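>>> Sequence unavailable; structure follows:
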Ligand code: AMP
C-alpha cells in the first residue's frame, strides 16, 4: 500500500470548503492508502501563538477530523510535536538547504511583506520542516492545494539531494496529489470567489442552525433574470453551486427551472439552502461537540497516533543516522 502524508495547520475550525475540498477525499483515501494525517503544530510556531491557543486549536482540529469520519483504527492521525524524530530530520535537511533557494520561495517572500517584524528562521526553513514531515514516512503522495506546489518541489529537491549526497536510493520523491482537480470547489456566498477562512465568508461545520441561516440569508444575489434561460451572474451561480453540493438533485432542479423561467424567488431558495446545509452539518456538529467534551477519548487517539507515527519515524531516523555516519 502506498504511503500518503497530509498535514493541516491548526488555525481554526473546518469549514464546508475544507470538508468538500479536502476532508471528503481523505475519508476515501484512508481505506486506499497507508495514510498519515498530522496536525502541524510545530509549523504554527512561526507566528508565535500563545500556549493556550495551541492547546485549544489542536484539540479542535483533532475533534473535527474525527467527527468528519477519519478513522484512527484505519489510519494514523497524530500531532506533529509528538514525533521527536521530525526535528532531527529537519536538522539534517537544513544542513543541505541553501539560503538562496529558501529565500526564493513565494510564501516566504509573502511573509516578509506581511509580517516584516517577525521574519524568523522557522519561516525561512518552513519547506525543510514540511519536507521532513513528508519523507520521514517515505511518503510517495501528498494531497495538496495548488498553493503548496512550490513547497512540494522543495520536498522533492531535498529528498533527491539527500540521496545524491550520500549515494543512496533512500527517500522516494513525493508526488503532489492535487485535490483541486478531483474535489469540488466550494464557492463563497458573498458574491464572488471561493469559501475560505481568510475570505471571511466561511460556513463552519460547528456553526449552529441559526448561524447557518443568518449566513445563507445574507448571500449576495441580484434582482433576478428577465430573459428565460439566461446565464447566471457569478453571485447567483455560486448560490446554485452550493445547492448542487449539499441539496438533493431534485431541489437543485426545481430552483434551476424557476430561474430559467424567471420565476425564481431567492428568499425561498436561500431558506431551502440553509435547511439543507444544516441537515448536512447537524450530525457532524453533534459529533464534534461530543468528542470535544471527551478529553479521555481525544487523549487516547492522540497517544495511539503518536505511537504509530513514531514507529515509522524512528525506523527512518535509524537508517538515516547510519547513512550519514552517526551511530544508529
Ligand atoms: P486552508 O484552510 O484554506 O489552508 O484549506 C485547506 C484545504 O482545504 C485546501 O488545500 C483545499 O484542499 C481545501 N479547501 C479550502 N477551501 C476550499 C474551497 N472553498 N473549496 C474547495 N476546497 C477548499
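That came through fine. Remember, it's a predicted structure, so these values are computed and weren't measured experimentally.
>>> which stretches of the stretch 151-300 of the chain have low pLDDT?
For the stretch 151-300 of the chain, the stretches flagged by pLDDT under 70 are 182.
>>> Write out the residues of it neighbouring the ligand.
Within the stretch 151-300 of the chain, the positions adjacent to the ligand are 179, 183, 185, 186, 194, 195, 196, 197 by Cβ under 6 Å from any ligand atom. All C-beta atoms are positioned from the backbone trio N, CA, C, and that covers glycine.
>>> Out of those residues, name the ones that lie in helices.
Cross-referencing these against helices under DSSP state H gives residue 179.
>>> Out of the residues of the stretch 151-300 of the chain next to the ligand, flag the one nearest to residue 280.
Proximity of these to residue 280, judged by Cβ to Cβ, is greatest for residue 186, which lies at 11.8 Å.
>>> Which residue is the nearest non-sequential neighbour of the residue of the stretch 51-200 of the chain found nearest the ligand?
Closest approach of the stretch 51-200 of the chain to the ligand (Cβ to the nearest ligand atom) occurs at residue 145, with a separation of 3.0 Å. Distances taken as Cβ to Cβ, 6 or more residues apart in numbering place residue 180 nearest to residue 145, at 6.0 Å, with adjacent residues excluded.
>>> Now for the one you found: which residues touch it?
Residues in contact with residue 180 (Cβ atoms under 8 Å, 6 or more residues apart in numbering) are 21, 145, 146.
>>> Ok, residue 157 next?
residue 101.
>>> Likewise for the one 4 residues further on?
Residues touching residue 161, when contacts are defined by Cβ under 8 Å, 6+ apart, comprise residue 96.
>>> In a helix, it, correct?
Yes: secondary structure of residue 161, determined by DSSP: H, G, I helix; E, B strand; the rest coil: located in a helix.
>>> want to try a markdown table for the residues of the stretch 151-300 of the chain next to the ligand, with neighbour count as columns?
Putting these into a markdown table (neighbours: other Cβ atoms under 10 Å) gives the following:
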| residue | neighbour count |
| --- | --- |
| 179 | 20 |
| 183 | 18 |
| 185 | 14 |
| 186 | 23 |
| 194 | 16 |
| 195 | 23 |
| 196 | 15 |
| 197 | 15 |
